[in-house]
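> coordinates for the following, if possible.
(one chain, ligands or ions: 2)
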Amino acid sequence: MSLIQSKLPTVGTTIFTVMSQLALEHGAVNLGQGFPDFPMSSDLTDLVAKAMRDNFNQYTHMAGLPLLRERIAAKVAMLYGTEIHPDTDITITPGGTYAIYTALTTVLQPGDEVIVFEPAYDSYIPNIEINGGIAVRIPLNYPDYSIPWDKVKESINPKTRMIMINSPHNPTGAVLRESDMLQLMELVRNTQILILSDEVYEHLIFDGIPHQSILRYPELLHRSFVCFSFGKTYHCTGWKLGYCISSPALMKEYRKVHQFNGFCCDTPKQVALAEYIQNKEAYLTLGSMLQQKRDYFRKLMASTRLKCIPSHGSYFECYSYAGISDENDKDFAVRLTKEFGIATIPVSAFYKDGKDDRVIRFCFAKQEETLDKAVEQLIRL
Ligand code: PMP
Ligand code: GLN
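Ligands and ions are numbered 1, 2, ... in the order given. Presented below is the predicted three-dimensional model:
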């Protein structure tokens, strides 16, 4: 008899770990797990070293370094025209994933329903279920991965506690438009429904499309948890530092959970970020930098038999291999890694029921040489 009863009996090891491990074993180019292979800013690493030398090495405020929160509030006002209060509306977290988990843990009661769009970032549904919630899964329209708002409307009932959105979207690179936000607003008006908005790719948005942050919509913000990741913005995914923005009443409850879990986050990095966040160029140029990489990758990929499903944001672009093989996407991704030396992510991993459209996800946040090397192999497909 097993010593414990699993809280997540159907969950295995996350696909990111599985594919990165496989890439390592086979010496493959890793275009699977989303992380840049180019260095982060040395100005920022110098600031961390300086903060450590200056002896900012003890616990900081439970909600995050006050100066960093003040500067996030200033950034939000500048970008989205919304005044948020650093004392009551922002909590610094050990990463975006933690920020999301904490929001779900803060609000979910057993039996509460959470509307999730699939493909969904792989932590969402386990995070809901471990908190006794029920994930109501709605597939995004294939192949543009837009939200079917009529289905959302049909799914809302008195048990609906939350709707989770993610733009720019992982794994597809789809982005929400103003019309989506207006429909969301219409649906939740006069209800108790909360929103969790995963905006970790806030600055990684292309083609001149404005990011539709919840922070632009005060009517939505008061019922939302909006989650961000410094890892994505500053090319340091290994830092695991992010933040959540909400309204005072929700944030008060959020901090009750956070204070007995992480309590506070890495102090020297917060000191460094409080300084570096003032450099607007660093995040305002991010979209064009990554767009160039997407375009470079897409152009190379045009000489393969894989069919592009265009991305408008994030680190990722998806490709269909339906015209090449009947294999399921996991087998196909494993074969690509073993036989062609390219690791990717099979998109069925982002569906609870393993829905398989014969699509794989590529991370293009890489140096051009890495992308060249990968596509040289993919041409053989
Ligand atoms: N949400 C999405 C959609 C992501 O892709 C990531 C990246 N891992 C996260 C949240 C979490 O970010 P972090 O690494 O800061 O936990
Ligand atoms: N967000 C990254 C991705 O989608 C991976 C994060 C992780 O490994 N947990 O690839």
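> how far away is the residue nearest to Gly132 when sequence neighbours are not counted from Leu68?
Leaving out its chain neighbours, the residue that sits closest to Gly132 by Cβ to Cβ, 6 or more residues apart in numbering is Pro110, at 3.5 Å. (C-beta placed from N, C-alpha, C; glycine too.) In this view, Pro110 and Leu68 are 35 Å apart by Cβ to Cβ, to the nearest Å.
> so for these two, which residue has more residues nearby?
Leu68 (27 against 8; other Cβ atoms under 10 Å).
> for Asp46, see how far away the residue of the stretch 151-300 of the chain at minimum distance from ligand 2 is.
Proximity of the stretch 151-300 of the chain to ligand 2 (Cβ to the nearest ligand atom) peaks at Asn170, 5.0 Å away. Separation of Asn170 from Asp46 (Cβ to Cβ) stands at 30 Å.
> quick one: which of these two has more around it?
Counted by other Cβ under 10 Å, Asn170 and Asp46 do not tie: Asn170 has more neighbours, with 25 against 12.
> do I have it right that the more buried one meets Phe316?
Yes: using Cβ atoms under 8 Å, Asn170 is in contact with Phe316, at 6.2 Å.
> who touches both of these two?
Gly34 (Cβ atoms under 8 Å, 6 or more residues apart in numbering).
> what's around the nearest residue to Thr267 once chain neighbours are set aside, how many residues?
Excluding the flanking residues, the one nearest Thr267 by Cβ to Cβ, 6+ apart is Thr60, at 4.4 Å. Residue neighbour count, defined by other Cβ under 10 Å, stands at 21 for Thr60.
> which residues touch Thr60?
Counted by Cβ under 8 Å, 6+ apart, Thr60 has contacts Cys264, Cys265, Thr267, Gln270.
> so which two of the residues you listed are the farthest from each other?
Farthest pair in the contacts of Thr60 (Cβ to Cβ) is Cys264 and Gln270. Separation: 8.8 Å.
> and these two? Which one has more around it.
Neighbour count, other Cβ under 10 Å: between Cys264 and Gln270, Gln270 has more, with 25 against 20.
> quick one: pLDDT of that one?
Reported pLDDT at Gln270 in the predicted model: 98.
> now Ala77
98.
> just confirm it is within a helix.
Yes: according to DSSP: H, G, I helix; E, B strand; the rest coil, Ala77 belongs to a helix.
> quick one: strands adjacent to the helix or strand where Val226 lies?
Using DSSP states H and E, Val226 sits within strand 224-229. Sheet pairing of strand 224-229 (DSSP bridges) gives strand 194-198 (parallel), strand 242-245 (antiparallel).
> save those as a markdown table, and put in distance to Lys352 too.
Converted to a markdown table, the strands paired with strand 224-229 look like this (distance: least, Cβ to Cβ, whole Å):
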| stretch | distance to Lys352 |
| --- | --- |
| strand 194-198 | 17 |
| strand 242-245 | 25 |
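> how about those in TSV, adding distance to ligand 2?
Listed next are the strands paired with strand 224-229 as TSV, based on distance: least, Cβ to the nearest ligand atom, whole Å:
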stretch	distance to ligand 2
strand 194-198	10
strand 242-245	12
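> can you redo those as TSV with distance to Asp37 and mean pLDDT?
TSV is the format used below for the strands paired with strand 224-229 (distance: least, Cβ to Cβ, whole Å; pLDDT from 0 to 100):
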stretch	distance to Asp37	mean pLDDT
strand 194-198	24	98
strand 242-245	21	98
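> got those as CSV, with mean neighbour count columns?
Putting these into CSV (neighbours: other Cβ atoms under 10 Å) gives the following:
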stretch, mean neighbour count
strand 194-198, 25
strand 242-245, 26
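> can you tell which of the ones you listed is closest to Tyr124?
Closest among these, once you apply Cβ to Cβ, is strand 194-198, at 8.1 Å.
> what is the neighbour count of Leu3?
Leu3: 4 surrounding residues under other Cβ under 10 Å.
> ligand 1 versus the most centrally placed residue in the chain, what's the distance?
Relative to the mean C-alpha position of the chain, the nearest C-alpha, by Cα atoms, centre = their mean, is the one of Val200, at 4.7 Å. Here the criterion is Cβ to the nearest ligand atom, to the nearest Å. By it, Val200 lies 4 Å from ligand 1.
> repeat that for Val271.
19 Å.
> report the backbone C-alpha coordinates of stretch 270-289 in PDB.
Extracted in PDB, the C-alpha atoms of stretch 270-289 (Å, rounded to 0.1, in the frame of the first residue of the first chain):
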ATOM      1  CA  GLN A 270      14.700  43.000  -6.100                       C
ATOM      2  CA  VAL A 271      17.200  45.800  -5.200                       C
ATOM      3  CA  ALA A 272      18.700  45.400  -8.700                       C
ATOM      4  CA  LEU A 273      15.400  45.300 -10.500                       C
ATOM      5  CA  ALA A 274      14.200  48.400  -8.700                       C
ATOM      6  CA  GLU A 275      17.000  50.200 -10.400                       C
ATOM      7  CA  TYR A 276      17.000  48.500 -13.700                       C
ATOM      8  CA  ILE A 277      13.200  48.800 -14.200                       C
ATOM      9  CA  GLN A 278      13.800  52.500 -14.800                       C
ATOM     10  CA  ASN A 279      15.500  51.700 -18.000                       C
ATOM     11  CA  LYS A 280      12.400  51.800 -20.300                       C
ATOM     12  CA  GLU A 281      14.400  50.800 -23.400                       C
ATOM     13  CA  ALA A 282      15.100  47.400 -21.900                       C
ATOM     14  CA  TYR A 283      11.500  46.300 -22.100                       C
ATOM     15  CA  LEU A 284      10.100  48.600 -24.800                       C
ATOM     16  CA  THR A 285      12.500  47.200 -27.300                       C
ATOM     17  CA  LEU A 286      11.800  43.600 -26.400                       C
ATOM     18  CA  GLY A 287       8.900  43.100 -28.800                       C
ATOM     19  CA  SER A 288      10.900  44.200 -31.900                       C
ATOM     20  CA  MET A 289      13.900  42.100 -30.800                       C
END
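> any common contacting residues for Cys264 and Gln270?
Common neighbours of Cys264 and Gln270 (Cβ under 8 Å, 6+ apart) are Thr60, Gly64, Ile92.
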